[in-house]
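Participant: need a 3D model of the sequence below.
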Amino acid sequence: MQMSDAKRATKPYNAWRFTLTQRISLGFVLLLGLVMLATTLTLSLFARIESQLNHFSQTQLPFVLHVAYLERSAESFEALAPTLLLAPNEFAHESEVMIQQKELANLHQALDSLAEDAIPTQLREPVYQAIARLEQHFEVFNQLIRERLVLERQNPLLIQHLFSLLQNLPEDRLANHIGTQALLALNLDQHQALHQQKRKIEHLSASHIQPSGLQLELSHVAQTLVENRQTWLRLYAEQELALERSQVYSEQLSAHIHRVTQWMHQQIRQQQHQLKVQSQLHGRWLILASVISFISVVVGCIYLYRHLFQRLLHLRQAMLLPDQRQIQHLQQAQGQDEIGDMAQAFTHYQDLMHQREQDLLKAQAALEELAITDELTQLHNRRCFNQALVTELQRASRTQQSISLMMLDIDHFKLYNDHYGHPKGDEVLAQVGHLLRGLFQRAGDDCFRLGGEEFGVLLTNTSLAQAQLMAQRLQNAMAKANICHKYNPPVGRISLSIGVCSLVPTPDTSAEYLYACTDQALYQAKENGRNRVVAQALLNLSFEDGPLT
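Facilitator: Now for the predicted structure:
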């Protein structure tokens, strides 16, 4: 970074050199000036359009809502008579009439809410008169319905009373038959049949009982039924006539409302035409202001993109892409401003990080090697042995190649340490490690210090005979070293006991099985007098089966 600053300091000073901040500020000032000009013009136009819309909403919008309501009312009154005719009973008639009365009240209130000069008097007054006439007619119609309902409520009570009186006559079946026929005639609106049943009742009561209160009461009930029926028919005829008048009055009211709505539509169209002309004029000015704003924004965006965002994107790509493609993007991001300084700083930082990454990889490799290496013998340790044994067994199982494991122990090493001292013992361990590294140098061979004076050698793609030959060479090399050890009779020098096992593993062969068998072979070598090699071939058994003996 200091070198980069020194190079830049030697460059000639450019009086016209603008920094990135100055460029962005200049661009924003120009863009802001153009946008403010266009915004001022646009806001003034919007203010005028808003004032016109407010005037229209305050004057014409309620007018339009009243027109819609009046049109709906006219349609409602045109359908009044068919609705009353289709009503199933008097209760429905009365309910529909109440709805129409409420509708008339709302219509009257809607007309009153308009200003006096909103609708001419010659159009407003006929509507008021038609509303008053129809309201008066609805009162008469409701009175007729209520009288009919009173009669219809009395008839079932009279029929029930008639049945109770007829049951007191001697001939019950005939009396019940006459009462049933009277009820049927009443329900079927058969006025002549009702008269015949009345005469039968009088004849029956006169022939079977003496003139008394029962006979008089029967005659009175029958007479009342006939009179109620006559009154009901009269009210029904008057109601039908009232329906016809309702049709006429509702059509007159609908015609008056249509004339009012037509006049109101005409007024609305005139106001809409004036507003349209003014909107077109303001729209042209608004388009001009929009074009100025758009051009200003486009120019500002192009300026910012070319001088800021595009170079930042190249700098970003240089940070993300591999080393070979970074140079092109870094060149496009160069410049005499802050972004150019960032590109140069990134180049220097990248070189520095690359060097540190290489140092870190070397340190990591050294740490990994230290973690699996025994410091004294420079052989791999027990942890590495456990991992390597499992890995090589799996590989040999896939390739169906033989694998051999050699375990060796220094004879009477504890006595050597006790009499010669631990420093001398460490020299012996280092000498054994040196011999192992010099003797086993194939690509698939690996030597380990398993702990104390015990060592292991893993031989891949090696038969039992080959492994046994290598063990004998190791013993010969140890004998040539001729390290004195008078407490190791009868040889009087450092010697090795070695156990060797070999097999062709299967997927079920475990590392514990091979290790246990080799350890047993080493134990057998010690039991047989030390300074010897015990080798054995193994079957493909699991650890639970136990080693071969």
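
Participant: neighbours of Gln143, how many?
Facilitator: 13 (other Cβ atoms under 10 Å). Heads up, the C-betas are built off the backbone N, CA and C, glycines and all.

Participant: list the contacts for it?
Facilitator: Gln143 makes contact with no residue, according to Cβ atoms under 8 Å, 6 or more residues apart in numbering.

Participant: gap between it and Cys384?
Facilitator: Noted for Gln143: a distance of 114 Å to Cys384, by Cβ to Cβ, to the nearest Å.

Participant: same deal with Met36?
Facilitator: For Met36 relative to Cys384 (Cβ to Cβ), the value is 75 Å.

Participant: Ala396 now?
Facilitator: Ala396 is 18 Å from Cys384, by Cβ to Cβ.

Participant: next one: Gly456
Facilitator: Going from Gly456 to Cys384 by Cβ to Cβ gives 10 Å.

Participant: now do His354
Facilitator: 31 Å.

Participant: who's more crowded, the two?
Facilitator: Taking His354 and Cys384 together and counting by other Cβ under 10 Å, Cys384 has the greater number of neighbours (18 against 11).

Participant: got the CA positions of the helix or strand hosting that one in PDB?
Facilitator: Using DSSP states H and E, Cys384 maps to helix 382-399. The C-alpha trace of helix 382-399 is given here as PDB (Å, rounded to 0.1, in the frame of the first residue of the first chain):
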ATOM      1  CA  ARG A 382      -0.700 -44.400  17.600                       C
ATOM      2  CA  ARG A 383      -3.500 -42.200  16.400                       C
ATOM      3  CA  CYS A 384      -2.300 -42.200  12.900                       C
ATOM      4  CA  PHE A 385      -1.800 -46.000  13.200                       C
ATOM      5  CA  ASN A 386      -5.500 -46.600  14.100                       C
ATOM      6  CA  GLN A 387      -6.700 -44.500  11.200                       C
ATOM      7  CA  ALA A 388      -4.300 -46.000   8.700                       C
ATOM      8  CA  LEU A 389      -5.100 -49.600   9.700                       C
ATOM      9  CA  VAL A 390      -8.900 -49.000   9.100                       C
ATOM     10  CA  THR A 391      -8.300 -47.200   5.800                       C
ATOM     11  CA  GLU A 392      -5.900 -49.800   4.300                       C
ATOM     12  CA  LEU A 393      -8.100 -52.700   5.400                       C
ATOM     13  CA  GLN A 394     -11.000 -51.200   3.500                       C
ATOM     14  CA  ARG A 395      -8.900 -50.500   0.400                       C
ATOM     15  CA  ALA A 396      -7.500 -54.000   0.500                       C
ATOM     16  CA  SER A 397     -11.000 -55.400   0.800                       C
ATOM     17  CA  ARG A 398     -12.100 -53.500  -2.300                       C
ATOM     18  CA  THR A 399      -9.100 -54.600  -4.400                       C
END
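
Participant: got the buried residues for it?
Facilitator: For helix 382-399, a neighbour-count test (16 or more other Cβ atoms under 10 Å) marks Cys384, Phe385, Ala388, Leu389, Glu392, Leu393, Ala396, Ser397 as buried.

Participant: show the average pLDDT along it.
Facilitator: What helix 382-399 shows for mean pLDDT is 94.

Participant: and it, what does it pack onto?
Facilitator: helix 338-372, strand 403-410, strand 445-451, strand 454-460, helix 511-527 (3 or more Cβ pairs under 8 Å, 6 or more residues apart in numbering; DSSP states H and E).

Participant: Throw those into JSON lines and include distance to Arg259, thanks.
Facilitator: Listed next are the helices and strands packed on helix 382-399 as JSON lines, based on distance: least, Cβ to Cβ, whole Å:
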{"stretch": "helix 338-372", "distance to Arg259": "77"}
{"stretch": "strand 403-410", "distance to Arg259": "113"}
{"stretch": "strand 445-451", "distance to Arg259": "113"}
{"stretch": "strand 454-460", "distance to Arg259": "112"}
{"stretch": "helix 511-527", "distance to Arg259": "108"}
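
Participant: out of the buried residues of helix 382-399, which is nearest to His265?
Facilitator: Minimum distance to His265 across the buried residues of helix 382-399 is 96.9 Å, recorded for Ser397 (Cβ to Cβ).

Participant: residue contacts, Met406?
Facilitator: With Cβ under 8 Å, 6+ apart, Met406 has these contacts: Gly456, Val457, Leu458, Leu459, Ala467, Met470, Ala471, Ile498, Gly499, Val500, Thr518.

Participant: give me every residue that touches the third one.
Facilitator: Taking Cβ under 8 Å, 6+ apart as the criterion, Leu458 is in contact with Phe385, Ala388, Leu389, Glu392, Ile403, Ser404, Leu405, Met406, Asp445, Asp446, Cys447, Phe448.

Participant: name the nearest of those relative to Leu304.
Facilitator: Nearest member of the contacts of Leu458 to Leu304, counting by Cβ to Cβ, is Ala388, at 61.4 Å.

Participant: check the gap between the closest one and Pro505 for me.
Facilitator: In terms of Cβ to Cβ, Ala388 sits 14 Å off from Pro505.

Participant: same check, this time on Arg259
Facilitator: When distance is defined by Cβ to Cβ, Arg259 is 109 Å away from Pro505.

Participant: ok, the two, which is more surrounded?
Facilitator: Ranked by neighbour count (other Cβ under 10 Å), Arg259 and Pro505 place Pro505 first, with 24 against 14.
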